[in-house]
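Undergrad: Here's a sequence, model it:
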Amino acid sequence: MNRDDIDWAGYFPAVVTPFTESGELDTDTLAALIDQYAERGMHGAVVNGTCGEWFSQTVEERKAVAETAVAAARGRLRVLVGCTSNRAEHVRDLADHAMGAGADGVLASAPPYIKLFPNEVVAWYEEISELVKAPLVVYNWPHGTGVDIGSDLADRLADIDSVVAIKDSTPDADQFFETSRRVRDRVRVFGPYMSARGVDVLLSEGGDGFVGGGSLNGRPDAQFWEHYWAGETEPMRAYAAKADALFPKLWLPGGWAGIYGSYQAQLKELMRMLDQPAGHVRRPRLPITDPDSLAALRAVLVEEGLLDPAALPA
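TA: Model (predicted):
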């Protein structure tokens, strides 16, 4: 398999997994969120990734999330299911279930905590490729795995049979764009193209899509890519300017955490402020409860035109 065996492109929200305040899995809210993403024209969705708090779910819950997302999507958008684990056999079990439920592909990072060496990373994905009979996305998540898949290593992974795409969350922009240049002939690349620099790269070299934390902008997130495919440059640049202004007001450098709390907790608070189905975080993640922090988040949304000023307290 390679990039030509799939049609994945555009904006794929990294979907949060909603929990109740008491910590129970909330599949009804998850289904409502997937439905909203489909109605807003998202091109795909990634469930049980970092935003999805896969690490605090049981295997049965991870499978329930996959089933719920696929059923709610009803073929209106592609669904990729995160199957990261520290054992290849566990990845296979999750991937077999996801594909059996109707997912379009699966995603896996290097095993968390272990900090594999480059040859071990290659061997890991080779083993998964043998075990998992599905289109496979390499997920480069240095903050969570301790491994940053650089351009040379990505070049090697792009030749593995089942690998059809890479979701690259490296904090090193130079490295990302070099990786994009190196591997796009064989795999689809999802990363930070929705920036001023990213627009320049898209227009000169091409790119495939972006997996973003939720979809705070809603329909404009998907429209960015539709403008790209239509050759409409100015709307892309206008979107990128707004995105470049918003990011540092909400997220720490590298995008691994929010300024006011964990990535998942802050994203869910922002989503609720925007009337998006989100639910709550589950321990060990803690919610953001400080009134000043919540007020600051709301103020950023108002300042950036995402929320009505009437939402600010008097």
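
Undergrad: got the CA positions of the longest helix along the chain in CSV?
TA: Taking DSSP state H as the criterion, the chain has its longest helix at helix 233-250. C-alpha atoms of helix 233-250 as CSV (Å, rounded to 0.1, in the frame of the first residue of the first chain):
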residue,chain,number,x,y,z
THR,A,233,-5.0,31.6,-2.3
GLU,A,234,-6.2,34.7,-0.6
PRO,A,235,-8.8,32.9,1.7
MET,A,236,-6.0,30.5,2.7
ARG,A,237,-3.7,33.3,3.7
ALA,A,238,-6.4,35.1,5.6
TYR,A,239,-7.2,31.9,7.6
ALA,A,240,-3.5,31.3,8.3
ALA,A,241,-3.0,34.8,9.6
LYS,A,242,-5.8,34.2,12.1
ALA,A,243,-4.5,30.8,13.1
ASP,A,244,-1.0,32.1,13.7
ALA,A,245,-2.5,34.8,15.9
LEU,A,246,-4.7,32.4,17.9
PHE,A,247,-2.2,29.6,18.6
PRO,A,248,0.2,31.4,21.0
LYS,A,249,-2.7,32.8,23.0
LEU,A,250,-3.9,29.3,23.9
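
Undergrad: Give the buried residues for the next helix or strand after that helix.
TA: The helix or strand immediately downstream of helix 233-250 is helix 263-273, counting by DSSP states H and E. Residues 263-271, 273 are the ones in helix 263-273 that count as buried (16 or more other CB atoms under 10 Å). Using the backbone N, CA and C atoms, a C-beta is placed for each residue, glycine as well.

Undergrad: residues in contact with helix 263-273?
TA: For helix 263-273, the surrounding residues in contact (CB atoms under 8 Å, 6 or more residues apart in numbering) are 16, 18, 50-51, 53, 213-214, 216, 250-251, 255-261, 277-281, 285-288, 294, 297-298, 301, 307, 311.

Undergrad: Narrow those residues to just the buried residues.
TA: Using 16+ other CB under 10 Å, the buried ones in these are 16, 18, 50-51, 53, 213-214, 216, 250-251, 255-258, 260-261, 277-281, 285, 287-288, 294, 297-298, 301, 307.

Undergrad: Can you give the distance of stretch 207-224 from its chain's centre?
TA: Taking CA atoms, centre = their mean, to the nearest Å, the mean C-alpha location of stretch 207-224 is offset from the chain mean by 10 Å.

Undergrad: what's the span of it from first residue to last?
TA: End-to-end distance for stretch 207-224: 13 Å, by CA to CA, to the nearest Å.

Undergrad: Just the helices from the stretch 101-250 of the chain, written as ranges.
TA: For the stretch 101-250 of the chain, helices defined by DSSP state H, counting those that start in this stretch occupy the ranges 118-131, 142-145, 151-157, 173-183, 196-205, 219-230, 233-250.

Undergrad: would a markdown table of the ones you listed with mean pLDDT and distance to Ala95 be doable?
TA: Output for those, formatted as a markdown table (pLDDT from 0 to 100; distance: least, CB to CB, whole Å):
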| stretch | mean pLDDT | distance to Ala95 |
| --- | --- | --- |
| helix 118-131 | 98 | 8 |
| helix 142-145 | 96 | 18 |
| helix 151-157 | 98 | 17 |
| helix 173-183 | 98 | 22 |
| helix 196-205 | 98 | 30 |
| helix 219-230 | 98 | 27 |
| helix 233-250 | 98 | 32 |
